[in-house]
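Undergrad: from the sequence below, what's the structure:
(4 chains)
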4 protein chains.
Amino acid sequence: MPRKICFPITSRAYYGRSQLLIRKLHAHPGVDLKLMLGGSILLDKYSKHVADDIAAGGFEIEASLFNVIEGGNHVAMAKTACLTALEFTNSLFTAQPDVVVICGDRFEQLAIAMAAAYLNISIAHIEGGDVTGSIDESVRHAITKLAHLHFVTNEDAHRRVLAMGEDPRYVFNTGSLDVELAAHVSTTITSDQVNALGVGHDVDIDRQFLMVVQHPVTTDGHNRDHLETTFRVVAELGLPTIWFWPNPDAGTGEMSDMLRNMREQHPELTEHMRFITNVPASDFVALLAHASCLVGNSSAGVKECSYLGTPVVNIGNRQQGRLTGEHVIHTGYEAAEIAAAIATQLAHGRYAPSRIYFKDHASEAIANLLATTPLYTQKRFYE
Amino acid sequence: MPRKICFPITSRAYYGRSQLLIRKLHAHPGVDLKLMLGGSILLDKYSKHVADDIAAGGFEIEASLFNVIEGGNHVAMAKTACLTALEFTNSLFTAQPDVVVICGDRFEQLAIAMAAAYLNISIAHIEGGDVTGSIDESVRHAITKLAHLHFVTNEDAHRRVLAMGEDPRYVFNTGSLDVELAAHVSTTITSDQVNALGVGHDVDIDRQFLMVVQHPVTTDGHNRDHLETTFRVVAELGLPTIWFWPNPDAGTGEMSDMLRNMREQHPELTEHMRFITNVPASDFVALLAHASCLVGNSSAGVKECSYLGTPVVNIGNRQQGRLTGEHVIHTGYEAAEIAAAIATQLAHGRYAPSRIYFKDHASEAIANLLATTPLYTQKRFYE
Amino acid sequence: MPRKICFPITSRAYYGRSQLLIRKLHAHPGVDLKLMLGGSILLDKYSKHVADDIAAGGFEIEASLFNVIEGGNHVAMAKTACLTALEFTNSLFTAQPDVVVICGDRFEQLAIAMAAAYLNISIAHIEGGDVTGSIDESVRHAITKLAHLHFVTNEDAHRRVLAMGEDPRYVFNTGSLDVELAAHVSTTITSDQVNALGVGHDVDIDRQFLMVVQHPVTTDGHNRDHLETTFRVVAELGLPTIWFWPNPDAGTGEMSDMLRNMREQHPELTEHMRFITNVPASDFVALLAHASCLVGNSSAGVKECSYLGTPVVNIGNRQQGRLTGEHVIHTGYEAAEIAAAIATQLAHGRYAPSRIYFKDHASEAIANLLATTPLYTQKRFYE
Amino acid sequence: MPRKICFPITSRAYYGRSQLLIRKLHAHPGVDLKLMLGGSILLDKYSKHVADDIAAGGFEIEASLFNVIEGGNHVAMAKTACLTALEFTNSLFTAQPDVVVICGDRFEQLAIAMAAAYLNISIAHIEGGDVTGSIDESVRHAITKLAHLHFVTNEDAHRRVLAMGEDPRYVFNTGSLDVELAAHVSTTITSDQVNALGVGHDVDIDRQFLMVVQHPVTTDGHNRDHLETTFRVVAELGLPTIWFWPNPDAGTGEMSDMLRNMREQHPELTEHMRFITNVPASDFVALLAHASCLVGNSSAGVKECSYLGTPVVNIGNRQQGRLTGEHVIHTGYEAAEIAAAIATQLAHGRYAPSRIYFKDHASEAIANLLATTPLYTQKRFYE
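TA: Residues are numbered from 1 along each chain as shown, chains lettered A, B, ... in the order given. The predicted structure follows:
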């Protein structure tokens, strides 16, 4: 009997980065794959291509659960996690899977892991062991301590997961799915395609341009100020810039507000900028491959850009501690420091590709391990 | 301004073991203590003395939340945790404490820790780093990875919490609160007092007698069979025996059922036995101090009995991996093995007291550290 | 395409009284029946025969949801209703039935009706329009105002449902399913069968005996006192008596406590009494058919006993206002009044059967109407 | 001791229409008023003036609960109601009020009423007995059947509440709070003030202009089409028009989408239009007092406009069945019919004021009755 694997998808980004794995699992003769949808993936209007993919792929949807509580603040985030756990409990109990796959470090993924743990279901965790800032740092390691199978993306992470007492037989460095995708998709994209997305001014992507992706740090009370600093630095530079809207975590409201305000009240500052809410994962990679420099705090700067060789200015502590290649300059939140780093990166130009997060066939390796690794439920601190 | 500390109490046992600490915190000039009640402590009819203590102590109750979902199975346990987290989110958000104190490894405590983490509240964890069996093993370490201050009870635990990447400045080996209580309370108790409790036959505690405390292992499907084996071994011995009812975790229903069945259908097997649901923590310690041997899988066998020198036969993997003194014989679930271990312990008699879990003034040390250690919220894997 | 009908069953009693209808629906070619289980039916250990029936009947179970919150008080009752509604929302949304069938007046049934209403699903309500005491009175009429099809059991109820503005085309007096069952099952039962149930002393059911069924009145703070009065009156009479345990609504704890206390502390008062938690619906009817008098506040006294002709002493306001036949004497909570009424009923003996709640083929009529009545969702006050 | 009254406010509109009553209750010596905030009022960015009012008024906020589940569809609406009820249960249980005040017919208000009913708290209902379309119709009457005190706004409603079996001693026709507010606030407003709100083109409110307020009908699957019809009729007329954004009920997403689409894709059709999300209640009344015709399905067309004499074209069945003055022309969803009705109203001009929904001092009367009417909890169908 094929192994029944539940894969909860709670954000579009997760679907994007996991799509190779999901397809491999779906195609695997030893796996009966059930997708479970919840969180923001059911909500955002940009998820159309996700829905299309799912429909086209013939995937089975075991559950579609509306469980995002409005507010965009900490209490809404906490309650969303709790409600997610409550509802996934019912769905997991009904589905009785052999394994549930938890990805990364989003708050609702810990909640689902907790539910699965109490239900005695084996948990596989993708992308544990990294060190970053934000609440993600705690959440990621807490998931590790609930999980039974670990698919880490780099050597540092591997070492830490073992240090935390996980059994080496169940910890696998398979490389990053994001980076596999970055290596796999076409990086061809035209200015016309880009300028059909979002709002603002046209950007010629065949010339020098910046990309900015700065998300909220949920443990930080100064998200708005920090984003405004970045904004002013970038506005001053006067280079064509593609801004991506911040993720919908606690703190997103005030950040979006700042950007909206700038656009409406200070059109002169945004006349080189284009604002994009979301693009398909492949287009995002293509833009990274074209950008002269990525500015902000996205994990793509650390991971995808290591492989693509895109220069990165990583601001603040959201990625702090992650294994980073030489293509990244880390800065604090000071305007002068950020400006200097961008100048340095523009002067340097693209970097040689690195393989610190890359292994060939990551998704195939994970799919095979999920299908065949002997399962267990009783964990034991390994020492 | 005194530091506001929320102390969620979700079971009577937790209140029992934490009572010295709770009183120290309440009396501390630098602390504004708020108790939050939830889980089984609001439900069981034996909690009267807890309520009395709380009333007599003048404690402030910030919230009293009914959130136990009936069922006594995994799904009810998981949903209880989720509902607990949902409701504590509201209460913690309203209370806005500086610190929330999480004890041990019960499933609903992880849920509360998760809620607190998402609310950016500093988390103090008591009794992390131990290794045991059951789901408690995962839950305990996951709490460690969400917590900011760690009060461990022994050197092994200390080492493991550090290995997991916690910052040494915030990890304190303060000894066990249970053992401090065991060292602190009077161990005087009379047979009359004991025989006024529970149901069954009278036991003369001034002569040789056994105590049995065997709880469900939530990750195990054979709780009933295992308990029945213990029951048959103990019945065969024919010694006066005090049985404690199993904890209300998943699996408890079938275990209680087995005991009830034996009492009603096989009175001849239980004619030396007394069955007790619950006693105040101090009476429980006094009984441990008198018992010729403790049989089962209670943590009291490992901890309190190390200090009291009571011989222990520890069955199965619930405590497996915990630091144990020489007063413990570990066995599997085989009748012959259990019978032999009990015989050995009865022949040996009481052991010399050990201090592996004991430090003087544990509760005072924890209270002072909670009141004065500089707080932080952004965690970082320490290496 | 057959009409998809969801039938939520949230208590064993509901299953008992609805079993003829459920079988008719299951067998109906125009109906695709989905049972949904929740509430106490998943919890009580006496539900074995329900599970057996369901298994034997080949019914489809669309969902099994644990959603009873412990506490036995008002807040637990309210939260159970809310959680029930939350979880049934997911299940109903997934199932997308044409009709959901709501029975009677239990608190969680209103919650399910509310969920269904918000989901734009047509609601059929069985047993609306009656007048009783307790919170049931409000709940029943609130369900009526959410429901689209009404199956009432008597002329009084019919008149009231119309007065409340329901459209006469959708209000059907089909008689009572309980009474149809009472008319349908065998009333043969032996003392041996009875004395194999529950605990206490044997009762010879071929001689004079009393049955007592007194449930909590959830809007009343004196449930314990009222039950104790009944207990003392019945104890004084010294007749063989079969007591049924009270329903698990708010107030049940203190009532059960009183009974347990009497049994344990005053064995002399209970030496003619047998205490039974639960019996299959058919055995309950058989006992009613044998009892010399039913005492308490069960709706069976009003409904089933009208058809069976069993004398009834109905205490307090739980059934107040229901259409009652001449076989019922209504009393307040005074001992003297209750004693006098029992004496009168014993002197009178059995009554002639009445058809005020009875129509032949109630279940078949309802099943056909559920299968064929044109459905609508937009309600409109009819005047 | 003053009577403790809880007033749950779950939308800004509710606060607007209830503000006179809230102030009267706050000032009443016999009332201890506690506001409870939940639902959309905590979420929308236009609620600033509400927060200001609350702060300025010195009101006590008993609870602020985030409980809106995103989705804007039926399942999100149903789950929002359930979560609201769950959380208000805790807050009401803690507050232990004498009365909870439920307003109107919003879905989350029924949920709160259900929670209060199960907690045995007396419920006062404002604005029962009206007949309208949409799910509101069912919800309103279901609340009536749970409520103990009824404050209706007109004679038709009075008659229906009595027909539903409510006790005449507790049903009061106090007139409409909305209309009292409309009669009470200044109707002075300038074009400049209006054109500072929202987006789009300037409107000269001293000349002929239309107002459009068309909300989703939650029981209807054609909300988008219906709104588009209205849009095309209004666009064709070419008159200056102020559009209000639809309420955030199920169906709102597709309606907002249509409007947004028209604005962005067909600027030529919207060049006489201004789009406003929200205004303070007093400005809304002032606009009604100036508008040449109100088009759509807002209850303000029926109520406030009856007093103000503003011509109204009421589309579809959302208000169907309400007592309406001669100032309203009812239409279906056909373009021709709507266009003809608008033309008729523009030709007619303003109507004489009507008092069908108006009584002087409605808020004072309700406050006094809430403070002094003897309370009860056990309801009984009155006949």
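
Undergrad: C-alpha from now on. contacts and neighbour counts both.
TA: Will do.

Undergrad: who in the stretch 1-150 of chain A is up against chain B?
TA: Selection of the stretch 1-150 of chain A residues close to chain B by Cα under 8 Å from any Cα of the partner chain yields A:74-75, A:77-79, A:82-83, A:85-86, A:89-90, A:93, A:107, A:114-115, A:117-120, A:131-135, A:137-139, A:141-146.

Undergrad: kindly format the C-alpha coordinates of the lowest-mean-pLDDT helix or strand in chain A as PDB.
TA: Taking mean pLDDT, DSSP states H and E as the measure, chain A has helix A:48-57 as its least confident helix or strand, at a mean of 76. Provided in PDB are the C-alpha atoms of helix A:48-57 (Å, rounded to 0.1, in the frame of the first residue of the first chain):
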ATOM      1  CA  LYS A  48      -5.100  31.900  -9.500                       C
ATOM      2  CA  HIS A  49      -2.100  30.200 -11.100                       C
ATOM      3  CA  VAL A  50      -1.800  28.000  -8.000                       C
ATOM      4  CA  ALA A  51      -5.300  26.900  -8.400                       C
ATOM      5  CA  ASP A  52      -4.600  26.300 -12.100                       C
ATOM      6  CA  ASP A  53      -1.500  24.300 -11.300                       C
ATOM      7  CA  ILE A  54      -3.400  22.200  -8.800                       C
ATOM      8  CA  ALA A  55      -6.300  21.600 -11.200                       C
ATOM      9  CA  ALA A  56      -3.900  20.800 -14.100                       C
ATOM     10  CA  GLY A  57      -1.800  18.500 -11.900                       C
END
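
Undergrad: can you name the residue of the stretch 201-350 of chain A nearest to chain B?
TA: Using Cα to the nearest Cα, the single residue of the stretch 201-350 of chain A nearest to chain B is residue A:219, 6.2 Å away.

Undergrad: tally of neighbours for that residue?
TA: Close neighbours of residue A:219, defined as other Cα atoms under 10 Å in any protein chain shown, add up to 23.

Undergrad: isn't it up against residue A:134?
TA: Yes - between residue A:219 and residue A:134 there is a contact under Cα atoms under 8 Å: 5.4 Å.

Undergrad: mutual contacts of these two, please.
TA: Taking Cα atoms under 8 Å, 6 or more residues apart in numbering or on different chains as the contact criterion, the common neighbours of residue A:219 and residue A:134 are residue B:378.

Undergrad: okay, and the beta partners of the residue nearest to residue A:376 when sequence neighbours are not counted?
TA: Nearest residue to residue A:376, sequence neighbours excluded (Cα to Cα, 6 or more residues apart in numbering or on different chains): residue A:122, at 6.5 Å. Beta-bridge partners for residue A:122, by DSSP bridges, are residue A:99.

Undergrad: residues in contact with residue A:122?
TA: So residue A:122 contacts A:98, A:99, A:100, A:116, A:147, A:148, A:149, A:375, A:376, A:377 (Cα under 8 Å, 6+ apart).

Undergrad: how near is it to chain C?
TA: 22 Å (Cα to the nearest Cα, to the nearest Å).

Undergrad: list the buried residues for the helix of greatest length in chain A?
TA: Using DSSP state H, we find that the single longest helix of chain A is helix A:74-95. By 16 or more other Cα atoms under 10 Å in any protein chain shown, the buried positions in helix A:74-95 come out as A:74-93.

Undergrad: can you give me the neighbour number for whichever residue of chain A sits closest to chain D?
TA: The nearest approach of chain A to chain D comes at residue A:69, 4.4 Å away (Cα to the nearest Cα). Using other Cα under 10 Å, residue A:69 has 26 neighbouring residues.

Undergrad: can you tell me the residue of the stretch 101-250 of chain A closest to chain C?
TA: Residue nearest to chain C within the stretch 101-250 of chain A (Cα to the nearest Cα): residue A:119, separated by 13.6 Å.

Undergrad: would you say residue A:101 is within a helix?
TA: No - counting by DSSP: H, G, I helix; E, B strand; the rest coil, residue A:101 is not part of a helix but strand.

Undergrad: count of neighbours near it?
TA: For residue A:101, the count of nearby residues is 23 (other Cα under 10 Å).

Undergrad: now do the same contact list for it.
TA: Counting by Cα under 8 Å, 6+ apart, residue A:101 has contacts A:5, A:6, A:7, A:8, A:123, A:124, A:125, A:126.

Undergrad: got the contact list for residue A:164?
TA: Contacts of residue A:164 by Cα under 8 Å, 6+ apart are A:145, A:381, B:160, B:163, B:164, B:165.

Undergrad: wait, the residue of chain A closest to chain D touches residue A:75, no?
TA: No - under the criterion of Cα under 8 Å, residue A:69 makes no contact with residue A:75, lying 9.1 Å away.

Undergrad: overlap of the contact sets of the two?
TA: Taking Cα under 8 Å, 6+ apart as the criterion, residue A:69 and residue A:75 both touch residue D:66.

Undergrad: how about the strands in the stretch 101-250 of chain A?
TA: A:122-126, A:149-152, A:171-173, A:199-200, A:210-213, A:241-244 (DSSP state E, counting those that start in this stretch).

Undergrad: ok, which of those comes nearest residue C:230?
TA: strand A:122-126 (54.3 Å; Cα to Cα).

Undergrad: show the pLDDT at the closest residue to chain B within the stretch 1-150 of chain A.
TA: As assessed by Cα to the nearest Cα, chain B sits closest to residue A:142 within the stretch 1-150 of chain A, at 4.3 Å. You'll see residue A:142 listed with a pLDDT of 98.

Undergrad: could you check how far the closest residue to it other than its chain neighbours is from residue A:113?
TA: Spatial nearest neighbour of residue A:142, chain neighbours left out: residue B:142 (4.3 Å); criterion: Cα to Cα, 6+ apart. Separation of residue B:142 from residue A:113 (Cα to Cα, to the nearest Å) stands at 11 Å.

Undergrad: okay, and the common contacts of these two?
TA: Counting by Cα under 8 Å, 6+ apart, the residues touching both residue B:142 and residue A:113 are A:143, A:146.
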